[in-house]
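Student: model this:
(one chain, ligands or ions: 3)
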Amino acid sequence: MKLRGNTCVVGLQWGDEAKGKITDLLSEQSDVVVRFLGGSNAGHTVVVGDRTFKLHLIPSGIVHEDVLCVIAGGVVLDPEVFEQELQNLCDGGVRFEGRLRISQTAHVVFPYHKLEDQLRETDSGKGKIGTTARGIGPCYCDKAGRTQAIRVGNLFHADAIEQQVRRIVDYKNRLLTAMYGSAGVPVEQMVAKARRYAEILRPFVCDTTALLQEAIADGRRLLFEGAQGTLLDIDHGTFPYVTSSNASACGVSAGAGVPAKVIDTIVGVAKAYTTRVGTGPFPSEQDNDIGNRIRERGHEYGTTTGRPRRCGWFDAFATRYSIKLGGVDKVALMLLDVLSGFQTLKICTGYRYKGQLLKSFPTDAEVMKDVEPVYEDHPGWAEEIDGVREFADLPANARSYVKRLETLLETPIAIVSVGPERTQTLFREELI
Ligand code: GDP
Ligand code: IMO
Ligand code: MG
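Tutor: Ligands and ions are numbered 1, 2, ... in the order given. From the prediction side, this is the model:
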């Protein structure tokens, strides 16, 4: 597949669509890969031969030796996870010296964010979101609230940061004690951590907005790596069962710090079925043998938390909403191999609510929980397809399944994936 200009990769479902694999493939033709949102709630898998990398913060482009990787200002960064990831890359034989940059305006996730995430979830009972407990929500809350926030750049103002950490931890501990009866976090330990975080991050920090502007002016090719998925977008997803940032294509410009008009192509990534982790509505969910079969065949257990993913049929109504919202140009359809062996596949084409067929996708969770999915049946195929290398060589029913989804999505499916490895990818060149 030949990239034209700057490209963005976004998830079209509730995350884990295999954005890591697509980003890795497209990195080959990119100069700079930019992660622009979320934090270590993400888990992106890249398989290179017998090596598997699970990346949470560092862009998936890092395994390509000549690609510059940028963690932009929209990210909430946990320095301890970042340090561990650097170690994993070293262990996997990946050299990153001189080609990894972190924005000074990214926000720092501290242990009190993770503690608050856990306590809030435990306290929420039935209303809980099922977060990854990585401190994402509390850190973005602090960002929006401003007075308790710490940016990466703050870590390097040695005197000011100590006062800042003391003030914030005092506030946090009072809050955590009053709200949850928690002892909070030790203040001296947080001061020491802030100093250590500065040392971990120092070699990588720069003004990434200026860096990206320069790259754009020099005609370098940029690839933006989305995290989470459009249906988890804080503004456009199934609120409140979402993450705390803009996970749709709408979030690229603000999160990365680039003009919206520099993005030439948006590639939307979707599984050939649907999964979701955590709570929240999922109309096409199959909490039964069908879902269990998908989970086992697709190894649908969280990359970050190991939680079993909820599994169900492809939801064309939801995915088309994501495509239209983000202005997606092409779709990459992943994990088609998982669907081998089903006699009949169902595709959700719409929702019925109070007896009426809905015209537009409802992001209101109260509506979503009561919708009835409308399905059409599609004949399945028996053959394993993970060894297929050309679209034309897929079983006829697999090809017609892809083409039917393409019609329902009103968007070309330019890439079909039949396994985690780079070679297990079918490019439909005529659509690229
Ligand atoms: P991401 O968060 O969107 O990057 O996706 P994850 O890495 O969390 O989950 C996708 C999983 O599917 C990973 O374990 C990938 O190695 C795997 N994977 C990617 N593409 C395929 C495929 O076409 N078939 C199968 N069976 N697995 C795939
Ligand atoms: P990648 O980038 C799947 C989900 C969580 C929870 C909700 C809020 O690997 O696709 P958070 O910790 O963000 O406050 O949790 O969002 N979630 C993801 N689900 N893939 C992800 O990332 C996710 N990131 C967050 O399970 O339901
Ligand atoms: Mg993932």
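Student: can you give me the helices for the stretch 151-300 of the chain?
Tutor: Counting by DSSP state H, counting those that start in this stretch, the stretch 151-300 of the chain has helices at residues 158-180, 187-201, 208-217, 252-256, 289-298.
Student: what's the angle from the first one to helix 187-201?
Tutor: Calculated by axes from the mean of the first three to the mean of the last three Cα atoms, to 10 degrees, helix 158-180 forms an angle of 130 degrees with helix 187-201.
Student: give me the helices and strands touching whatever helix or strand V70 lives in, please.
Tutor: With secondary structure defined by DSSP states H and E, V70 is part of strand 68-71. Strand 68-71 makes packing contacts with strand 32-35, strand 100-103, helix 208-217 when contacts are defined by 3 or more Cβ pairs under 8 Å, 6 or more residues apart in numbering; DSSP states H and E. C-beta coordinates here come from the backbone N, C-alpha and C atoms, glycine included.
Student: alpha carbons only: can I get the second one in CSV?
Tutor: The reference is to strand 100-103. Once side chains and other backbone atoms are set aside, the C-alpha atoms of strand 100-103 remain, and they are given as CSV (Å, rounded to 0.1, in the frame of the first residue of the first chain):
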residue,chain,number,x,y,z
LEU,A,100,12.1,9.4,20.5
ARG,A,101,10.6,12.8,21.6
ILE,A,102,8.2,13.7,24.3
SER,A,103,6.2,16.9,24.4
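Student: just use 54 as the starting number from now, easier for me
Tutor: Okay, using 54 as the starting number, the last item reads as strand 153-156.
Student: can you list the strands that that strand pairs with?
Tutor: strand 121-124 (parallel), strand 258-259 (parallel) (DSSP bridges).
Student: and the ones you listed as TSV, adding distance to R481?
Tutor: Compiled in TSV, the strands paired with strand 153-156 are given as follows (distance: least, Cβ to Cβ, whole Å):
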stretch	distance to R481
strand 121-124	29
strand 258-259	39
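Student: could I get those strands as TSV with mean neighbour count and distance to ligand 2?
Tutor: As requested, the strands paired with strand 153-156 are arranged in TSV below (neighbours: other Cβ atoms under 10 Å; distance: least, Cβ to the nearest ligand atom, whole Å):
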stretch	mean neighbour count	distance to ligand 2
strand 121-124	25	14
strand 258-259	15	23
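Student: in a markdown table: these, plus distance to L90 and mean pLDDT.
Tutor: Formatted as a markdown table, the entries for the strands paired with strand 153-156 read as follows, by distance: least, Cβ to Cβ, whole Å; pLDDT from 0 to 100:
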| stretch | distance to L90 | mean pLDDT |
| --- | --- | --- |
| strand 121-124 | 10 | 98 |
| strand 258-259 | 18 | 98 |
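Student: could I get the buried residue list for stretch 212-223?
Tutor: The neighbour-count check on stretch 212-223 (16 or more other Cβ atoms under 10 Å) flags 214, 217-218, 221-222 as buried.
Student: S375 touches Q66, doesn't it?
Tutor: Yes - contact status for S375 versus Q66: in contact at 7.3 Å, counting by Cβ atoms under 8 Å.
Student: what's the overlap in contacts for those two?
Tutor: Taking Cβ atoms under 8 Å, 6 or more residues apart in numbering as the contact criterion, the residues that touch both S375 and Q66 are 282-284.
Student: what about the closest residue to F370 other than its chain neighbours, which SS state?
Tutor: The shortest distance from F370 to any residue other than its chain neighbours is 5.0 Å, reached at G403 (Cβ to Cβ, 6 or more residues apart in numbering). On the three-state scheme (DSSP: H, G, I helix; E, B strand; the rest coil), G403 is labelled strand.
Student: show me where pLDDT drops low in this protein?
Tutor: 484-485 (pLDDT under 70).
Student: quick check: residues of it near ligand 3?
Tutor: Residues of the chain found near ligand 3, taking Cβ under 5 Å from the ion as the criterion, are 69, 96, 356.
Student: ok, and of those, which contact ligand 2?
Tutor: Judged by Cβ under 6 Å from any ligand atom, the overlap between the residues of the chain next to ligand 3 and the neighbourhood of ligand 2 comprises 69, 96, 356.
Student: out of the shared contacts of S375 and Q66, which end up buried?
Tutor: For these, a neighbour count by 16+ other Cβ under 10 Å gives the buried set as 282-284.
Student: nearest to L153, of these?
Tutor: Within the buried ones among the shared contacts of S375 and Q66, the smallest distance to L153 is 24.9 Å, found for G282 (Cβ to Cβ).
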